[in-house]
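Visitor: Got a sequence here, can you model it:
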Amino acid sequence: MAQRCVLFLALCLVCLLGLAPPQAQAATCSRNLTANVVALDQPFFLNRLGALESTGMIYALKRDIVPISGTALTAGNVQLRSDKRPRPLVLRMNVGDCLTINFTNLLAPTRKDNDQVNTRNASIHVIGMQLVGSIASDGSFVGQNASSFAAPGGPPVSYTLFAQHEGSYLMYSTDTVGGEGDGGQQSAGLFGAINVEPPEARWYRSQVTYNDLQAAIKRDSFGRKMFTSDGHPIIDYEAKDTAGVPVLNMLSSTNEVIKSDLTAMITGPLNTSGQPDRFPAGTFFLNPELPDREQPFREF
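Guide: Okay, the predicted model is just below:
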C-alpha cells in the first residue's frame with residue numbers, strides 16, 4: 001500500500017510540474033508542396049504473360065489523365081494518357097516539408113459489373129506520417145470523427161502531411177479490405193507510396209523516353225548539343241520543355257509534384273553552376289561499402 005501511495009504522489013507531482021510524456025515534433029514546414037491526385041478505374045496488366053486486372057483502380061496525378069470521351073474530366077470518364085503506364089503512385093518530399101494532396105475521386109459512381117469493387121468512395125491514408133491541421137488529413141472514417149473520404153465526382157478533399165523522418169510510407173484508400181464487392185480497393189491497385197528524402201534533396205527522373213533525353217541535353221551558345229569526349233550526352237538536369245515544364249525535375253517551380261515515377265535519381269542541392277551536386281558531408285552515415293556517397297557529384 002505504501003508503494004502505491006508513493007507512486008500516486010509521484011504521478012501527481014509530474015502532472016503539477018507539467019512533465020508530461022514527450023509528444024511528436026510539432027510540424028514546422030520548411031516548404032509547402034502540393035500534389036493533385038485522382039483515383040480512377042484503370043485496367044492494367046500484372047506481367048508480360050498477359051495476366052490482367054480488368055477491374056483495376058489506381059491513383060494518378062491529375063495532369064496524367066485524359067477524358068475517355070469528350071473534353072470533361074468527370075467520374076467514370078477518365079483514363080491515363082497514352083504515354084503513361086499504370087503504376088503505383090509515388091510522391092516525394094524532403095524531411096521538414098509539408099505536402100498537401102488535393103485528392104479527387106474520379107471512379108465511376110457505380111460499378112459496371114459484379115466483378116468490379118462495389119466501394120466507390122475513396123481516400124488517401126498514409127501510414128506513419130504526421131497529420132497537419134486536423135484529423136481530416138487522415139483519409140479515414142473512424143469512430144466519432146467525420147469522414148475524410150471523397151465521393152465519386154464530388155469536390156476535392158485535401159490531406160496535409162508533415163515529413164519528420166526519411167523513409168518510404170505506404171499510402172492507400174482505407175476502405176474495408178476484402179475481395180470483390182465491398183472493400184478490395186487495395187487489391188485492385190489503389191495504393192502507392194510517399195518517399196521522404198533528406199533535407200535539400202532534389203529528385204530527377206532516372207528513366208525517360210528518347211525524346212525527353214534529347215530535350216535534356218545541354219547545348220552550347222550556338223544551340224548545338226553537348227557530348228563528352230567518349231560520346232555521352234551532357235545533361236541539363238534543370239532543362240524545361242517548350243511549355244516551361246521541367247523535363248527531369250520532378251518538382252515544378254511552384255513546388256507542385258509533377259512526376260510520379262517509381263524510380264528517381266536523388267541528389268543534393270544545386271551548386272554554383274545551377275546543377276545538382278552531392279549532399280554535404282555528414283548527410284549519410286559512413287558506409288565502407290558505399291564510399292561514393294560522400295564524394296563530389298560528377299556529371300556523365
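Visitor: What ranges in the stretch 1-150 of the chain fall below the confidence cut-off?
Guide: 1-26 (pLDDT under 70).
Visitor: so where do the strands sit in it?
Guide: Using DSSP state E, counting those that start in this stretch, the strands of the stretch 1-150 of the chain run over 31-41, 44-45, 52-53, 57-61, 65-67, 78-80, 89-94, 97-105, 125-126, 130-131.
Visitor: The third one - contacts with which helices or strands?
Guide: Contacts defined by 3 or more Cβ pairs under 8 Å, 6 or more residues apart in numbering; DSSP states H and E place strand 52-53 against strand 44-45. In this view, the C-beta of every residue, glycine as well, is placed from N, C-alpha and C.
Visitor: and the residue nearest to the spatial centre of the chain, what are its bridge partners?
Guide: Centroid-nearest residue in the chain: Leu91, 1.4 Å away (criterion: Cα atoms, centre = their mean). Legend: beta-bridge partners of Leu91 under DSSP bridges are Ile194.
Visitor: In contact with it: list those residues for me.
Guide: Leu91 is in contact with Ala35, Val37, Leu99, Ile101, Met171, Gly192, Ala193, Ile194, Asn195, Val257, Ser260, counting by Cβ atoms under 8 Å, 6 or more residues apart in numbering.
Visitor: can you pull the contacts of the nearest residue to Thr228 once chain neighbours are set aside?
Guide: Distance criterion Cβ to Cβ, 6 or more residues apart in numbering; nearest residue to Thr228, sequence neighbours excluded, is Ile234 at 6.3 Å. Each residue near Ile234 by Cβ under 8 Å, 6+ apart is listed here: Ile217, Lys218, Met226, Phe227, Thr228, Glu299.
Visitor: thinking the first one is in contact with Met226, fair?
Guide: Spelled out, that is Ile217. Yes - counting by Cβ atoms under 8 Å, Met226 is a contact partner of Ile217 at 6.7 Å.
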